[in-house]
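1. After the sequence you'll find the predicted model.
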Amino acid sequence: MTPLPPIETERLILRPFRQSDLAPFAALNGDPEIMRHFPRTLSRDETAALIERIEATRARDGVCFEAVEEKATGELVGMVGLNAPDFEAHFTPCMEIGWRLARSAWGKGYATEAARARLATAFAPAAEGGLDLDEVVAFTAQDNAPSRAVMARLGMTRDPADDFDHPALALGSPLRRMVLYRIRRAA
Ligand SMILES: CC(C)(COP(=O)(O)OP(=O)(O)OC[C@H]1O[C@@H](n2cnc3c(N)ncnc32)[C@H](O)[C@@H]1OP(=O)(O)O)[C@@H](O)C(=O)NCCC(=O)NCCS
């Protein structure tokens, strides 16, 4: 499938990852504060492997998480985008939207701005370059309040009956219990 073309918002560019993103993305993935709702931080090699997996998925399916570049500085400030989760749950197959930003990029509305642009792509008709989807989901560890706030700002809503245990996370881990938010095209 042809990859989604990069997209520009007021302050950001969403585009595929490049080799030059490795250092700043590894710094971000190695920051325990940024990764506190994930099982652990990632090393530089794990970040390189993650970039490879993301770009291979994009080449195969046309869609995956994207690098987020700040227009004013040209710097990589994080990762946002659509992604088809590869685990089985009551709501899969589906398309999720997710985000992870460098600490210096928090508190500026960047996650919401980037995600809003990609939700528009998700719901746009194919004839306009969109994915023509009916629904997009997002999920996160129950106590990840900043991420849940992004979901709420985007107009996504949670039904507690959709909460689930992430199959890739260890039994007994406090991170395993996830909240699921959904948004439908009409919203
Ligand atoms: C989740 C995460 C991306 C949220 O970042 P965030 O900065 O809180 O969210 P946004 O980018 O949407 O910014 C919103 C904040 O910017 C503020 N803001 C400042 N200027 C703004 C502007 N011009 N437009 C919009 N909001 C603005 C908002 O008021 C809001 O602040 P508040 O939370 O104090 O009310 C960030 O906490 C993160 O990277 N966490 C670690 C990774 C992670 O857990 N990812 C999710 C895994 S599922």
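-> Looks like it arrived, so ask away. Residues are numbered from 1 along each chain as shown.

2. Over to the residue in the chain that the ligand sits nearest to: give its phi and psi.
-> Going by CB to the nearest ligand atom, the ligand is nearest to Gly109 of the chain, at 2.2 Å. Where C-beta positions appear, they are placed from N, C-alpha and C, glycine not excepted. Gly109 adopts backbone torsions of phi 80, psi 10, taken as degrees, to the nearest 10.

3. next one: Leu12
-> The phi/psi pair for Leu12 (degrees, to the nearest 10) is phi -140, psi 160.

4. hang on, the earlier thing: how much space between the residue of the chain closest to the ligand and Val150?
-> Per CB to CB, to the nearest Å, Gly109 is found 9 Å from Val150.

5. Pick out whichever of these two has more residues nearby.
-> Neighbour count, other CB atoms under 10 Å: between Gly109 and Val150, Val150 has more, with 25 against 14.

6. what's the offset of stretch 167-187 from the middle of its chain?
-> 13 Å (CA atoms, centre = their mean, to the nearest Å).

7. likewise stretch 152-168?
-> 14 Å.

8. What parts of this protein come near the ligand?
-> Residues of the chain lying near the ligand by CB under 6 Å from any ligand atom: 34, 37, 98-101, 106-112, 140, 144, 146-147, 149-150.

9. buried subset of these?
-> 34, 37, 98-101, 110-112, 140, 144, 147, 150 (16 or more other CB atoms under 10 Å).

10. so which strand or helix has the residue most central in space within the chain?
-> For the chain, the residue nearest the mean C-alpha position is Gly98 (2.0 Å; CA atoms, centre = their mean). Remark: Gly98 resides in strand 96-101, with elements defined by DSSP states H and E.

11. who's in contact with that strand?
-> 28-29, 34, 65, 68, 77-85, 110-111, 114-115, 118-119, 122, 136-139, 147, 150, 154 (CB atoms under 8 Å, 6 or more residues apart in numbering).

12. Turn the buried ones among these into a named ChimeraX selection, would you?
-> The ChimeraX command for the buried members of those (criterion: 16+ other CB under 10 Å) is given here:
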select :28,29,34,65,68,77,78,79,80,81,82,83,85,110,111,114,115,118,119,122,136,137,138,139,147,150,154
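
13. Which of the residues of the chain next to the ligand fall within helices?
-> If you go by DSSP state H, the residues of the chain next to the ligand have Tyr110, Ala111, Thr112, Pro146, Ser147, Ala149, Val150 in helices.

14. now, which of those sits nearest Leu180?
-> Of all these, Leu180 sits closest to Ser147, with 12.2 Å by CB to CB.

15. wait, doesn't that closest one sit right on Phe38?
-> No: Ser147 lies out of contact with Phe38 (CB atoms under 8 Å); the separation is 11.1 Å.

16. burial measure for the residue lying closest to Lys108 once chain neighbours are set aside, as a count.
-> Closest residue to Lys108 apart from its sequence neighbours, by CB to CB, 6 or more residues apart in numbering: Arg11 at 7.8 Å. As a burial measure, Arg11 scores 16 neighbours (other CB under 10 Å).
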